[in-house]
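Chemist: Predicted model follows, preceded by the sequence.
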Amino acid sequence: MDNFWQTCSAQLEQELTPQQFSAWIKPLIPLDYEDGRLRIAAPNRFKLDWVKTQFANRITVLAGQYWEEPIDVQFVLDPRLNAPRKPAAAMPAVIRAEANGIDGIRGTADGLVDLPPVESAPRRDQSRVNTALTFDSFVTGKANQLARAAAIQVASNPGVSYNPLFLYGGVGLGKTHLIHAIGNQVMADNPSAKIRYIHAEQYVRDVVTAYQRKGFDDFKRYYHSLDVLLIDDIQFFGGKSRTQEEFFYAFEALIAAKKQIIITSDTYPKEITGMDDRLISRFDSGLTVAVEPPELEMRVAILLKKANQEGVNFSDDVAFFVAKHLRSNVRELEGALRKILAFSRFHGKDITIEVVKDALKDLLSVQNRQISVENIQKTVADFFNIKVADMYSKKRPANIARPRQIAMYLAKELTQKSLPEIGDLFGGRDHTTVLHAVRKIAADRSKNPECNHELHVLEQTLKG
Ligand SMILES: Nc1ncnc2c1ncn2[C@@H]1O[C@H](COP(=O)(O)OP(=O)(O)OP(=O)(O)O)[C@@H](O)[C@H]1O
């Protein structure tokens, strides 16, 4: 066993950077080898997860070569290495003073809160970065290629390219995945970087806790000392003035020190309600990129990749069927996939289109019921305050022509209708007119955040 570990470590030392080797491989402890099963211990959960996702395959190959047989390599947590955790302090009642904007803050059922790390030098596993969410596991398509490219650029040169990087888009489109991927990449390149992922709601809680403990100095010291701050769903700061003020200081300090900030939101900066103007202008001062709903091919690729990760063979036909019917976001696709797998396992049936129809009966009927061309025409007409009849009329003033083009675009995106069918439903127009509208709005959407936002709102309204 010791011989193997020496050989394996020596090999990995050659393959990895010195920082990676000392951060991830050196702390591992070979435990035992028996009947083709090798157990290796990691000193904490964070390292365990990271080593499993990043190095398990390579170590398995090296073990196979050493023993000349397939080896089942298992990574476990070494309990001897775990220092006992300090119990978290009890949280007193919610402070009244936060009525100036920070509301809805409660401790957990046992009165404990997830305390913010107030040490000036946070431990590595306080980064809260999810090691499973990497660039490798992120499927790319037209909808997210810009966001992904910007994220990779920022991850490769934190603090020096786009700062802040502001990613926005609707629910379940991969914003959280992307910022974790940035964190993972920075951590792999530079294991000593101080990184922190935080959801905006948790940041609000941290402000409250600091307030209660009169501990703003610690709070500031901690947040201002980070190399990379990943903050998710910043729209939660809306209306929370004390949090915004604190975040403003952190923002200024980090940017001035060339430390990287990555922010996600469900909408672009100017549209976040209840947000201080000076923060909005700061958010817009780096690079603002949209993550769009995935197009058909990307939805298919995502389904195939996720099915493959589950060890299930999904035929292209099945993947196309699901992707054609579920169009809103990736989280919905993941949910559908889980349903299909559970259904097929429970009934012991192979995954065919018929089985998928059964498994997703409820989901599909909701989709089909909600989105019709008529529904789109009504929703768009209401949104732009024009008459539904203008959707079929030959009138051409811009205030009517553009909503009509938007409705055609949405009809193409959200229904199964062909271009000629859509043309018919818009007062007997030619299919080339529909095609022109679809292309024009798609181009506008990719260039103009306000147009993108309008479309996003309409899509959400239509999908209920
Ligand atoms: N392009 C993609 N490739 C692979 N998985 C993806 C992709 N986009 C999203 N996902 C997965 O879909 C799920 C939802 O994504 P995520 O949580 O990142 O969405 P989000 O945009 O942050 O949504 P919300 O605003 O609701 O937080 C996650 O499990 C994520 O891993």
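Modeler: Received, thanks.
Chemist: rest of the way, CA atoms for contacts and neighbours
Modeler: Fine.
Chemist: surely Ile255 meets Asn163?
Modeler: Yes. The pair Ile255 / Asn163 is scored as a contact, 7.1 Å apart, by Cα atoms under 8 Å.
Chemist: Would you mind telling me which of those two has the busier surroundings?
Modeler: Comparing Ile255 with Asn163 by neighbour count (other Cα atoms under 10 Å), the higher total belongs to Asn163, at 24 against 17.
Chemist: contacting residues for the closest residue to the more buried one other than its chain neighbours?
Modeler: Ranked by Cα to Cα, 6 or more residues apart in numbering and with sequence neighbours excluded, the top spatial neighbour of Asn163 is Gly286, at 4.6 Å. For Gly286, the contacting residues are Tyr162, Asn163, Pro164, Leu165, Phe166, by Cα atoms under 8 Å, 6 or more residues apart in numbering.
Chemist: just curious, which of these is nearest to Asp35?
Modeler: Using Cα to Cα, Leu165 comes nearest to Asp35 of those, at 50.1 Å.
Chemist: And the closest one, how far from Phe384?
Modeler: 32 Å (Cα to Cα, to the nearest Å).
Chemist: Repeat that for Lys214.
Modeler: Applying Cα to Cα, the value for Lys214 to Phe384 is 50 Å.
Chemist: Tell me where the stretch 101-250 of the chain has helices.
Modeler: Using DSSP state H, counting those that start in this stretch, the helices found in the stretch 101-250 of the chain span residues 145-156, 175-189, 200-212, 216-224, 241-256.
Chemist: out of these, deepest packed?
Modeler: helix 175-189 (a mean of 23; mean count of other Cα atoms under 10 Å).
Chemist: who does that one touch, helix- and strand-wise?
Modeler: Here helix 175-189 touches helix 145-156, strand 195-199, strand 228-232, strand 260-265, going by 3 or more Cα pairs under 8 Å, 6 or more residues apart in numbering; DSSP states H and E.
Chemist: Check which residues of whichever helix or strand comes after the last one are buried.
Modeler: Spelled out, it's strand 260-265. Sequence-wise, the next helix or strand downstream of strand 260-265 (DSSP states H and E) is helix 277-283. Buried positions in helix 277-283, judged by neighbour count with 16 or more other Cα atoms under 10 Å: Leu279, Arg282, Phe283.
Chemist: Need the pLDDT of the second one.
Modeler: Looking at Arg282, its pLDDT is 95.
Chemist: separation between it and Lys26?
Modeler: From Arg282 across to Lys26, the span is 41 Å (Cα to Cα).
Chemist: Compare Leu165 and Phe384 and say which is more crowded by neighbours.
Modeler: Leu165 (26 against 13).
Chemist: about what we covered before: overlap in contacts, Ile255 and Asn163.
Modeler: With Cα under 8 Å, 6+ apart, Ile255 and Asn163 have common neighbours Ile261.
Chemist: one step back: ok, the buried residues of helix 277-283 vs Arg45, which is closest?
Modeler: Phe283 (33.8 Å).
Chemist: Assess the claim that that closest one and Tyr162 are in contact.
Modeler: No. Counting by Cα under 8 Å, Phe283 does not reach Tyr162; the two are 11.1 Å apart.
Chemist: check contacts around Asn184.
Modeler: By Cα under 8 Å, 6+ apart, the neighbours of Asn184 are Val129, Asn130, Thr131, Leu133, Thr134.
Chemist: Ok, Asp276 next?
Modeler: The contact partners of Asp276, taken as Cα under 8 Å, 6+ apart, are Ser241, Gln244.
Chemist: And it, what's its pLDDT?
Modeler: pLDDT at Asp276 comes out at 94.
Chemist: separation between it and Tyr222?
Modeler: Taking Cα to Cα, one finds Asp276 at 23 Å from Tyr222.
Chemist: One more: Ser265?
Modeler: Separation of Ser265 from Tyr222 (Cα to Cα): 23 Å.
Chemist: For the closest residue to Gln126 other than its chain neighbours, the count of nearby residues, please.
Modeler: Spatial nearest neighbour of Gln126, excluding adjacent residues (Cα to Cα, 6+ apart): Arg196 at 6.9 Å. Neighbourhood size, Arg196 [other Cα under 10 Å]: 24.
Chemist: and Arg196, what are its bridge partners?
Modeler: Leu229 (DSSP bridges).
Chemist: Start and end of stretch 274-290, how far apart?
Modeler: The first-to-last residue distance of stretch 274-290 comes to 21 Å (Cα to Cα).
Chemist: quick one: is that stretch near the ligand?
Modeler: No. Stretch 274-290 does not reach the ligand (Cα under 6 Å from any ligand atom); its nearest approach is 10.3 Å.
Chemist: Run the chain-centre distance for that stretch.
Modeler: How far stretch 274-290 lies from its chain's middle: 19 Å, per Cα atoms, centre = their mean, to the nearest Å.
Chemist: got the contact list for stretch 5-18?
Modeler: Phe21, Ile25, Lys26, Pro30, Ile59, Leu62, Ala63.
Chemist: Write out the residues of the stretch 151-300 of the chain neighbouring the ligand.
Modeler: With Cα under 6 Å from any ligand atom as the criterion, the stretch 151-300 of the chain meets the ligand at residues Gly170, Val171, Gly172, Leu173, Gly174, Lys175, Thr176, His177, Asp266.
Chemist: Using a markdown table, please lay out those residues together with pLDDT.
Modeler: A markdown table is the format used below for those (pLDDT from 0 to 100):
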| residue | pLDDT |
| --- | --- |
| Gly170 | 82 |
| Val171 | 84 |
| Gly172 | 89 |
| Leu173 | 91 |
| Gly174 | 95 |
| Lys175 | 96 |
| Thr176 | 96 |
| His177 | 96 |
| Asp266 | 87 |
